[in-house]
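>>> Could you work out the structure for the sequence below:
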Amino acid sequence: MVQTGWTAQRWTAVFIEQAEMFRKAVADADPAAAVPTRPGWTVQDLVVHVARFLETSTAYLRTGSRNPMQPPAPQTGLSPLEYLDLQLTAAAEILTAVPGNRPVWTFSPSAPDLAWVWHRRIAHETTLRRFDAQTVVRQLVATDADLCADGVDEVLTTIVAAKLDGDVPSTVSGTAVVRPTDVPESWLISLVAGEVPEVRAAAPGEDGDAQVIGEAELVYFWLWNRMNLKEMTGDRRVLDVLQVGRGH
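Okay, the predicted model is just below:
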């Protein structure tokens, strides 16, 4: 990681904070309302997605499985909000109880098989979905720049590799410098077709085949295809690899 200073406890605190805001937003929204940032989804779809994501991801922390598992069977007999509340409570308990250095299967070829990878993923998925929910009720709040910088780091060091290892392999090779303007961190990611991307801190003044520059919040949500970002230059194919949020 380029980003430092984060722990399982800190990601758990982020999850609890973001989950509270998400829960309030979806409670205030019409369940049938469209989600502007996720075409084709309703608020009810968003609620079920988050609950399902939490149930699936926390299963690794709860069991310590060293192998990928099948998702649990869908819940029956609960309303979407009841299902969500059950999973929010369970996630807070599990995240708090499991140490970040516990060995467990993770989802990216560039990530260590340690529990903190799940703590981080759960914190940022909840942040992203809080953003989605707040766009519905038009009560969007700013996201802390340090949290956004950690989210940028997660995308570049973990999510891009998972994306390329999954259903969307890429033949693109090249480099990109990602340089938020309001935090000290910056990154250079090197893409080679068929290989796990390499990521390191970008040197001052260093350029790549593509550049992404802007406030950390804009860069973070641009990577997840939630915000527009004007300060992008260079190889569009490289930029397309970095933007992991299409369809997510």
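>>> From now on I want contacts and neighbour counts done on CA atoms only, so please keep to that.
Will do.
>>> Residue 209 reaches residue 235, doesn't it?
Yes - proximity of residue 209 to residue 235 meets the contact threshold set by Cα atoms under 8 Å, at 5.7 Å.
>>> Next one: the closest residue to residue 245 other than its chain neighbours from residue 104, what distance?
Once flanking residues are discounted, residue 245 sits nearest to residue 224: 3.7 Å by Cα to Cα, 6 or more residues apart in numbering. Taking Cα to Cα, to the nearest Å as the measure, residue 224 falls 26 Å from residue 104.
>>> ditto for residue 53
Computed as Cα to Cα, the residue 53 to residue 104 distance reads 17 Å.
>>> cool, residue 131 as well?
Distance of residue 131 to residue 104, computed by Cα to Cα: 29 Å.
>>> what's the answer for residue 9, then?
Distance check for residue 9 against residue 104: by Cα to Cα, it reads 17 Å.
>>> So between these two, which is more surrounded?
Higher neighbour count among residue 9 and residue 104: residue 104, with 22 against 18, using other Cα atoms under 10 Å.
>>> could I have stretch 133-140 exported to PDB, CA atoms only?
Output in PDB follows, covering the C-alpha atoms of stretch 133-140 (Å, rounded to 0.1, in the frame of the first residue of the first chain):
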ATOM      1  CA  ALA A 133     -28.400   6.200  -1.300                       C
ATOM      2  CA  GLN A 134     -27.800   9.900  -0.500                       C
ATOM      3  CA  THR A 135     -28.100  10.800  -4.200                       C
ATOM      4  CA  VAL A 136     -31.700   9.500  -4.100                       C
ATOM      5  CA  VAL A 137     -32.800  11.700  -1.200                       C
ATOM      6  CA  ARG A 138     -30.500  14.600  -2.300                       C
ATOM      7  CA  GLN A 139     -28.700  14.800   1.000                       C
ATOM      8  CA  LEU A 140     -25.200  14.000  -0.200                       C
END
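>>> what does it contact?
Applying Cα atoms under 8 Å, 6 or more residues apart in numbering, the external contacts of stretch 133-140 come out as 22, 25-26, 28-29, 33-37, 43, 46, 131, 141.
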